[in-house]
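>>> sequence plus predicted model, see below.
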Amino acid sequence: MSNWTDVAAEADLFEGAGIPVAPGGLDIALFAVDGEVFATDNICTHGHARLCDGFVEGHEIECPHHQGRFDLRTGDATFSPCTEPIKVWPVKVEGGRVWLDLG
Ligand code: FES
């Protein structure tokens, strides 16, 4: 079942950087890359680091703690020490707002 939830203004996003949002107490990071928006769980699966504070390189987010990486499109871990994927959330942008399907 879909549950589209308004989480941010499109204008709050910065190309190549992440921002945190907390719909319903969840901790999610939004990233804008090449005009597309991606949403992932904000906490790294390797440790308690916030990916919104990491570095975007292409479609990857580099964790600020040990420099592990994830693919923003799939959540797959792409560079050690990260091995467990992060959850990715369906995103749509409508009416200048960013919506996530929280399911
Ligand atoms: Fe993210 Fe270690 S906490 S790579």
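That came in fine, so what should we check first? Residues are numbered from 1 along each chain as shown.

>>> just the strands in the chain please.
Here the chain has its strands, by DSSP state E, at 4-9, 18-21, 28-33, 36-41, 55-57, 60-62, 69-71, 77-79, 88-89, 91-94, 97-101.

>>> can I get those in CSV with mean pLDDT?
Below are the strands of the chain laid out as CSV (pLDDT from 0 to 100):
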stretch, mean pLDDT
strand 4-9, 97
strand 18-21, 98
strand 28-33, 97
strand 36-41, 97
strand 55-57, 97
strand 60-62, 98
strand 69-71, 98
strand 77-79, 98
strand 88-89, 98
strand 91-94, 97
strand 97-101, 98
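
>>> mean neighbour count for the ones you listed - can I get that in a markdown table?
No exception for glycine: its C-beta is placed from N, CA and C like everyone else's. Formatted as a markdown table, the strands of the chain follow (neighbours: other Cβ atoms under 10 Å):
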| stretch | mean neighbour count |
| --- | --- |
| strand 4-9 | 16 |
| strand 18-21 | 20 |
| strand 28-33 | 23 |
| strand 36-41 | 20 |
| strand 55-57 | 15 |
| strand 60-62 | 22 |
| strand 69-71 | 22 |
| strand 77-79 | 17 |
| strand 88-89 | 20 |
| strand 91-94 | 14 |
| strand 97-101 | 19 |
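
>>> got the ones you listed as JSON lines, with distance to residue 47 columns?
As requested, those are arranged in JSON lines below (distance: least, Cβ to Cβ, whole Å):
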{"stretch": "strand 4-9", "distance to residue 47": "25"}
{"stretch": "strand 18-21", "distance to residue 47": "17"}
{"stretch": "strand 28-33", "distance to residue 47": "15"}
{"stretch": "strand 36-41", "distance to residue 47": "13"}
{"stretch": "strand 55-57", "distance to residue 47": "16"}
{"stretch": "strand 60-62", "distance to residue 47": "14"}
{"stretch": "strand 69-71", "distance to residue 47": "13"}
{"stretch": "strand 77-79", "distance to residue 47": "13"}
{"stretch": "strand 88-89", "distance to residue 47": "19"}
{"stretch": "strand 91-94", "distance to residue 47": "25"}
{"stretch": "strand 97-101", "distance to residue 47": "24"}
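
>>> good, we can wrap up now.
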